[in-house]
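S.K.: What follows is a predicted protein model with its sequence.
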Amino acid sequence: MISGCSWGSNKKCLLRIYCSHIRSLLNYGCILYASASQRILSQLNTIQNEALRIAIGAFCISPVLSLHAESNFIPLQHHRNLQILKYYCKTLAIPGHINSYRMRLSTVIPGVSNIAQQLLEKYQITLEKPLSLGALRLQFSQLRFSIQDFLQQEWNRASTNFLRSLKPTLEDWSTSYLPNRQEERVLARIRIGHTLLTHCHLLQQSEPPLCDVCHTKIDVLHVLNFYRTQILWSLPISSL
Ligand SMILES: [Zn+2]
C-alpha cells in the first residue's frame, strides 16, 4: 500500500503511478479489442474509476463524472478512442504503405477502419487529406482537442453536478494539489459535494441528516453557507 486516508503519496504521484503502471496495460492492444461488447469494455472502466477514487480520496459513491473532472482525466473509453484514432492516422500517413496497411487492417484487425470512421463522426473530426508524417503531430493534437471539446459539452449538460457549479471548465487546478494528504482528500470531497457527513446515510440505508437549526437536509452548500463560522471549523476533520 502506498497511500492511505491521511498518509502516503499525494494525488499527483498516485495519478502518475496509475498512468504508467495500470492505464498503459489497460490500453495495450486496445485497437485489437475495440470491437468487443460495451458490457465487456465497461469492466475496464471500473478499474480507472476506482483508481481515480483512491487517488483523489473521493467518497465511495461520488459520481464518475466528478472523479474525472476533479482529476482532469479523460474517461478510459475516450482515451482508448484517442489511441485508435492515432493508430488510424498513422496507417494513413505512412507513404507507400497505405494500401498494404489498409489490407492488414481489413484482414488482421477487422472492423478497425469502420470503428475509426464512426469515432471521427462522433467527435466531428475531419482529417487532413492527404495526411503526411510531418503533419501527424498537429493531427494528434487536433484529435485530443476534439475529444476534450466533446467531454466539455458532456460536462456542460451535467447541470445537477455539484462540482460543475464550481468548475464549469474542465482543466487542471493547481490548487487541488496539496502537500498534506488528508487536507487534499477533504478538500476534494467538499468540492465534489459528497462527504461522510452528508452522504453516509446512503450506505447505512438510513434517513438523511437534518440541520439542527432549520431542519432541512444537510448538504455541503448548506454547511458552507450557514455553518461557516459556527460549526465547520469545529468539526473534526475525520468527519468529512
Ligand atoms: Zn440549517
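M.R.: Nice, I can see it. Numbering: from 1, shown residues only.
S.K.: what about the nearest residue to residue 219 once chain neighbours are set aside, how many residues close to it?
M.R.: Nearest residue to residue 219, sequence neighbours excluded (C-beta to C-beta, 6 or more residues apart in numbering): residue 198, at 5.3 Å. Where you see a C-beta, it was placed from the backbone N, CA and C, and this is true even at glycine. Using other C-beta atoms under 10 Å, residue 198 has 22 neighbouring residues.
S.K.: The one 4 residues further on too?
M.R.: Residue crowding around residue 202 was assessed by other C-beta under 10 Å; the count is 13.
S.K.: for it, phi and psi?
M.R.: phi -70, psi -40 (degrees, to the nearest 10).
S.K.: cool, residue 8 as well?
M.R.: Residue 8 adopts backbone torsions of phi 90, psi -170, taken as degrees, to the nearest 10.
S.K.: who's in contact with residue 76?
M.R.: By C-beta atoms under 8 Å, 6 or more residues apart in numbering, the residues touching residue 76 are 23, 26-27, 44-45, 47-48.
S.K.: In TSV, list those residues along with pLDDT, neighbour count and secondary structure.
M.R.: As requested, these are exported to TSV (pLDDT from 0 to 100; neighbours: other C-beta atoms under 10 Å; DSSP: H, G, I helix; E, B strand; the rest coil):
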residue	pLDDT	neighbour count	secondary structure
23	93	20	helix
26	92	17	helix
27	90	17	coil
44	92	18	helix
45	92	16	helix
47	94	15	helix
48	94	23	helix
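S.K.: Turn these into JSON lines, columns for distance to residue 113.
M.R.: As requested, the contacts of residue 76 are exported to JSON lines (distance: C-beta to C-beta, whole Å):
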{"residue": "23", "distance to residue 113": "25"}
{"residue": "26", "distance to residue 113": "23"}
{"residue": "27", "distance to residue 113": "19"}
{"residue": "44", "distance to residue 113": "23"}
{"residue": "45", "distance to residue 113": "24"}
{"residue": "47", "distance to residue 113": "28"}
{"residue": "48", "distance to residue 113": "27"}
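S.K.: will you turn the residues you listed into JSON lines that also has distance to the ion?
M.R.: Output for these, formatted as JSON lines (distance: C-beta to the ion, whole Å):
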{"residue": "23", "distance to the ion": "42"}
{"residue": "26", "distance to the ion": "44"}
{"residue": "27", "distance to the ion": "47"}
{"residue": "44", "distance to the ion": "43"}
{"residue": "45", "distance to the ion": "38"}
{"residue": "47", "distance to the ion": "40"}
{"residue": "48", "distance to the ion": "37"}
